[in-house]
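>>> quick one, what's the 3D model for this:
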Amino acid sequence: MARQRTPLAQARVEGRDIIHPERYAGRNADSMPPLGPPPDWLSPAAADAWEEFRRDIPWLQAPHSGLVAIAATLYGRLRTSAGTMGSGAMNLLRQCLAQMGATPTDAGKIMWSPPEDDPDDELFAV
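Numbering: from 1, shown residues only. Reported below is the predicted structural model:
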């Protein structure tokens, strides 16, 4: 089975689009919206976890919302259950965090820096 394609946003963050520009030519992923607010159906603890993920993992986008919802639900459950989650749920949370690039090992693979402030923004502010 062939490997899945690396999303363009991830390739940009990791610098792969510079190393192999031919692999990413013609892709248009700039139209993907960023990860929005948590869905209404999440519990308050899970919604807090969602916001924490959105703040701490800034490369997440709207298509990641399903994975973020799973991770937020589990993380919220971990916080409210005083650590009494089963090992299966803990392992699933670990896998979700790894897929989102939220573990130290996986975050080290992503060369991402926050966008710099544009000095011209002051000139065009209303």
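>>> which other helices and strands contact the helix ranked longest in the chain?
In the chain, with assignment by DSSP state H, the single longest helix is helix 65-80. For helix 65-80, the elements it packs on are helix 44-56, helix 87-99, judged by 3 or more CB pairs under 8 Å, 6 or more residues apart in numbering; DSSP states H and E. All C-beta atoms are positioned from the backbone trio N, CA, C, and that covers glycine.
>>> report the rounded mean pLDDT for it.
Per-residue pLDDT over helix 65-80 has a mean of 94.
>>> and the helices and strands packed on helix 65-80 as a markdown table, adding mean neighbour count and distance to Ser65?
Putting those into a markdown table (neighbours: other CB atoms under 10 Å; distance: least, CB to CB, whole Å) gives the following:
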| stretch | mean neighbour count | distance to Ser65 |
| --- | --- | --- |
| helix 44-56 | 17 | 9 |
| helix 87-99 | 14 | 12 |
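>>> what's the nearest residue to the residue nearest the centre of the chain if we skip its chain neighbours?
Nearest residue to the geometric centre of the chain (CA atoms, centre = their mean): Leu60, 2.8 Å. In this structure, Leu60 finds its nearest non-sequential neighbour in Leu35, 4.3 Å apart by CB to CB, 6 or more residues apart in numbering.
>>> quick one: contacts for the one you found?
Applying CB atoms under 8 Å, 6 or more residues apart in numbering to Leu35 gives the contacts Phe53, Arg54, Leu60, Gln61, Ala62, His64, Ser65, Val68.
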